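J.: here is a sequence with its predicted model. Questions after.
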Amino acid sequence: MELTVKLKEVLSTRGMTQIELAEKTGLTRTVISELATNRRTSVNREHITKVIQALEIVDMNEIFEIK
């Protein structure tokens, strides 16, 4: 079982770039890029919390997928 972050899809539906999200969250562009491409082997709770708040996500199924 694998947890996937669907950040790229969420950004696309909101018309937001990774750079804009990085600026809004205070996270580096590298962190946002790694989350968007699922290159991180673990997800920092603080990072994902900032992303969820910045994107105003209510339903966790919108950003996470279990494969």
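T.: Happy to help now that I have it.

J.: contacting residues around the top helix by length along the chain?
T.: Secondary structure of the chain read by DSSP state H shows that its longest helix is helix 45-55. Contact with helix 45-55 is made by 5, 7, 10, 14, 16, 21, 24-27, 31-32, 35, 57, 60, 63, as judged by Cβ atoms under 8 Å, 6 or more residues apart in numbering. Just so you know, the C-beta spots here come from the backbone N, C-alpha and C atoms, and that holds for glycine as well.

J.: and if you look at stretch 26-38?
T.: With Cβ under 8 Å, 6+ apart, stretch 26-38 has contacts from 4-5, 7-8, 11, 18-19, 21-22, 25, 39-40, 43, 47-48, 50-51.

J.: now with 10 Å?
T.: Stretch 26-38 is contacted by residues 2-12, 17-25, 39-41, 43-44, 46-48, 50-51, 54, 63, 65 when judged by Cβ atoms under 10 Å, 6 or more residues apart in numbering.

J.: and the residues you listed, which are buried?
T.: 5-7, 10-11, 18, 21-22, 25, 47-48, 50-51, 54, 63 (16 or more other Cβ atoms under 10 Å).
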